[in-house]
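K.L.:
Generate a structure from the sequence data that follows.
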Amino acid sequence: MTASTFADWQQRARELTIESRAFIEGQYVPAAAGATFECISPIDGRVLAQVASCDQADADRAVAVARRTFEAGDWSRMAPAKRKAVMIRFAELIEAHRDELALLETLDMGKPISDARGVDIPGSARAIRWSGEAIDKVYDEVAATPHDQLGLVTREPVGVVAAIVPWNFPLMMACWKLGPALATGNSVVLKPSEKSPLTAIRVAQLAIDAGIPAGVLNVLPGYGHTVGKALALHMDVDTLVFTGSTRVAKQLMIYAGESNMKRVWLEAGGKSPNIVCADAPDLEAAAKSAAGAIAFNQGEVCTAGSRLLVERSIKDRFLPMVVEALKGWKPGNPLDPATNVGALVDTQQLETVLGYIDAGRSEGAQVLAGGGRTLQETGGYYVEPTIFDGVSNAMKIAREEIFGPVLSVIAFDDLDEAIRIANDTPYGLAAAVWTANLSKAHRAARALRAGSVWVNQYDGGDMTAPFGGFKQSGNGRDKSLHAFDKYTELKATWIQL
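P.N.:
Prediction:
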């Protein structure tokens with residue numbers, strides 16, 4: 001569907017039927033205890049649904065179902081080519097329900113409908129399709145052996161996977177996990193964030209419609225400290241995969257150690273540097289990119305370019321370009337296709353972001369743009385994209401992940417200083433450098449301690465490139481064939497002939 005108007009999306013929102021129950025063994029079911037929580041739209045603060053609030057009993061049931069379906073082998077031992085066909089059908093169904101899923105995403109977490117429809121849902125389908133397409137093209141190995149022996153190195157699905165995913169790209173982050181986990185033959189228990197559970201709940205039925213057997217994919221909405229903790233401590237979960245904050249990631253590692261030493265793969269926070277050198281090939285393009293790197297998705301992006309490092313000799317010329325570019329990013333109703341900055345996900349995140357803005361002011365940084373809440377009359381949670389100048393890397397706004405549209409500008413004198421500042425962080429998720437000098441670009445890319453480095457752009461890449469972090473930004477990789485490593489076990493079989 002194309003050329004939908006603001007009024008069209010408002011009408012669809014009024015007519016939308018929302019499924020809010022858990023999904024276990026191919027059926028929508030209430031939480032075992034009957035508990036629910038309110039799902040509130042950040043657009044205007046209204047209650048969208050009462051969502052099942054799962055806990056230990058639901059986790060036990062879902063894991064048991066997942067284990068039983070894995071052992072039955074209908075999916076885990078299906079021929080890779082057949083799994084591929086089902087995965088491709090799953091991706092096609094996501095695409096066919098693009099408008100419905102995009103609307104759920106926008107209502108649930110506040111992102112602009114143009115982004116939900118143009119980025120999130122297509123990206124979700126691509127993740128499922130790419131993994132499905134790859135699975136019958138991945139070969140095992142034969143070891144170099146004496147003539148009378150045969151050594152085989154094979155990959156097997158790990159078993160039951162618990163996936164805990166974040167609220168900023170709810171369906172796309174889920175599909176980054178579901179694609180390789182399902183393609184390799186595992187059974188999955190998916191726990192979406194309580195802040196944005198609706199697309200995960202809906203897409204579970206699409207998996208069944210595509211031909212994935214009942215019980216292979218189960219979805220448990222609920223809180224992290226209840227059902228999330230139950231999954232992390234569960235003795236029959238083989239692998240736990242997570243995207244979210246570094247604080248929670250560390251706690252999940254503890255839970256894994258306290259239980260069955262389940263494998264734990266974590267994609268956590270970031271405080272990514274965007275380095276603009278004096279010899280950048282196009283300062284105007286760099287300025288527009290810097291604005292987008294902090295304002296896209298309301299700054300609720302783990303790779304947000306939240307530290308803008310600018311070479312001092314061009315700073316006075318470059319910063320006005322960034323301020324001007326940011327004027328094109330204006331908060332508005334997310335259901336309006338013209339809106340490019342939506343609402344923050346909830347009141348807690350709103351207060352967090354405003355608190356960091358206050359901290360920046362109190363530490364002596366200067367506000368060049370934004371700096372406050374806006375559109376309060378809507379009842380929603382909107383913040384102006386904000387630029388701070390005069391920031392030192394020791395300030396709170398430069399060291400801590402804000403997860404909002406707040407940009408810290410830091411000056412440097414040469415590339416060595418820029419690299420030192422960029423790497424002076426506990427995080428290592430992403431970084432960018434703008435320079436026309438190819439040698440300098442390569443030196444910077446090698447020196448930056450980050451899982452992704454972009455040159456003369458920000459946030460490049462596709463499903464062929466691995467995604468993940470260094471240091472306290474996590475371990476393991478999403479996307480690409482490298483993601484399959486998280487969901488498989490290596491087995492060596494040695495045969496005397």
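
K.L.:
which SSE is residue 104 in?
P.N.:
Secondary-structure assignment from DSSP states H and E places residue 104 in helix 98-109.

K.L.:
who touches that helix?
P.N.:
Residues outside helix 98-109 that contact it (C-beta atoms under 8 Å, 6 or more residues apart in numbering): 1, 4, 9, 12-13, 16, 18, 39, 41-43, 48, 94, 111-113, 116-117, 120-122, 124, 167-168, 170-171, 195-199, 202-203, 334-335, 342, 345. For glycine as for every other residue, the C-beta is placed from the backbone atoms N, C-alpha and C.

K.L.:
just checking, what packs against the helix or strand that that helix is followed by?
P.N.:
Going down the chain from helix 98-109, the next helix or strand is helix 113-115, by DSSP H and E. Judged by 3 or more C-beta pairs under 8 Å, 6 or more residues apart in numbering; DSSP states H and E, helix 113-115 is in contact with helix 98-109.

K.L.:
give me that answer again for 10 Å
P.N.:
helix 6-15, helix 98-109 (3 or more C-beta pairs under 10 Å, 6 or more residues apart in numbering; DSSP states H and E).

K.L.:
could you give the mean pLDDT of that helix?
P.N.:
When pLDDT is averaged over helix 113-115, the result is 98.

K.L.:
Tell me how far it lies from the chain's centre.
P.N.:
17 Å (C-alpha atoms, centre = their mean, to the nearest Å).

K.L.:
what's in contact with it?
P.N.:
With contacts defined as C-beta atoms under 10 Å, 6 or more residues apart in numbering, helix 113-115 is touched by 4, 6, 8-9, 12-13, 99, 102-103, 105-107, 121, 169, 296-298, 333-342.

K.L.:
Span of stretch 276-290 from start to end?
P.N.:
In stretch 276-290, first residue to last residue: 9 Å (C-alpha to C-alpha, to the nearest Å).

K.L.:
Please identify the buried residues of it?
P.N.:
Residues of stretch 276-290 classed as buried: 276, 277, 278, 280, 283, 286, 287, 288, 289, 290 (neighbour count, 16 or more other C-beta atoms under 10 Å).

K.L.:
tell me the centre residue of the protein?
P.N.:
For the chain, the residue nearest the mean C-alpha position is residue 173 (4.2 Å; C-alpha atoms, centre = their mean).

K.L.:
For it, I want the exact helix or strand it lies within.
P.N.:
helix 170-183.

K.L.:
Mind giving me the packing neighbours of the following helix or strand past that helix?
P.N.:
Sequence-wise, the next helix or strand downstream of helix 170-183 (DSSP H and E) is strand 187-191. With contacts taken as 3+ C-beta pairs under 10 Å, 6+ apart, strand 187-191 sits against helix 56-72, strand 160-164, helix 170-183, helix 198-210, strand 217-219, helix 229-233, strand 239-243.

K.L.:
SS state for residue 367?
P.N.:
strand (DSSP: H, G, I helix; E, B strand; the rest coil).

K.L.:
Name all residues that make contact with it.
P.N.:
Residue 367 neighbours (C-beta under 10 Å, 6+ apart): 357, 360, 361, 384, 386, 387, 388, 389, 390.

K.L.:
just the helices and strands packed on helix 113-115: most buried one?
P.N.:
Stretch with highest mean neighbour count among the helices and strands packed on helix 113-115: helix 98-109 (a mean of 25; mean count of other C-beta atoms under 10 Å).

K.L.:
want to throw the helices and strands packed on strand 187-191 into TSV with mean pLDDT and distance to residue 33?
P.N.:
Converted to TSV, the helices and strands packed on strand 187-191 look like this (pLDDT from 0 to 100; distance: least, C-beta to C-beta, whole Å):
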stretch	mean pLDDT	distance to residue 33
helix 56-72	98	7
strand 160-164	98	20
helix 170-183	98	24
helix 198-210	98	18
strand 217-219	98	17
helix 229-233	98	12
strand 239-243	98	23
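
K.L.:
These: which one's closest to residue 441?
P.N.:
helix 170-183 (27.7 Å; C-beta to C-beta).

K.L.:
on that earlier part again, of the buried residues of stretch 276-290, which pair is most distant in space?
P.N.:
Taking C-beta to C-beta, no two of the buried residues of stretch 276-290 sit farther apart than 278 and 288, at 18.0 Å.

K.L.:
Would you mark the buried spots in the helix or strand containing residue 318?
P.N.:
Assigned by DSSP H and E, residue 318 falls within helix 312-326. Within helix 312-326, the residues that qualify as buried are 314, 315, 318, 319, 321, 322, 323, 325, 326, counting by 16+ other C-beta under 10 Å.

K.L.:
Distance to residue 470 and pLDDT for those - can I get that in a markdown table?
P.N.:
Formatted as a markdown table, these follow (distance: C-beta to C-beta, whole Å; pLDDT from 0 to 100):
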| residue | distance to residue 470 | pLDDT |
| --- | --- | --- |
| 314 | 28 | 98 |
| 315 | 28 | 98 |
| 318 | 28 | 98 |
| 319 | 29 | 98 |
| 321 | 30 | 98 |
| 322 | 27 | 98 |
| 323 | 31 | 98 |
| 325 | 29 | 98 |
| 326 | 29 | 98 |
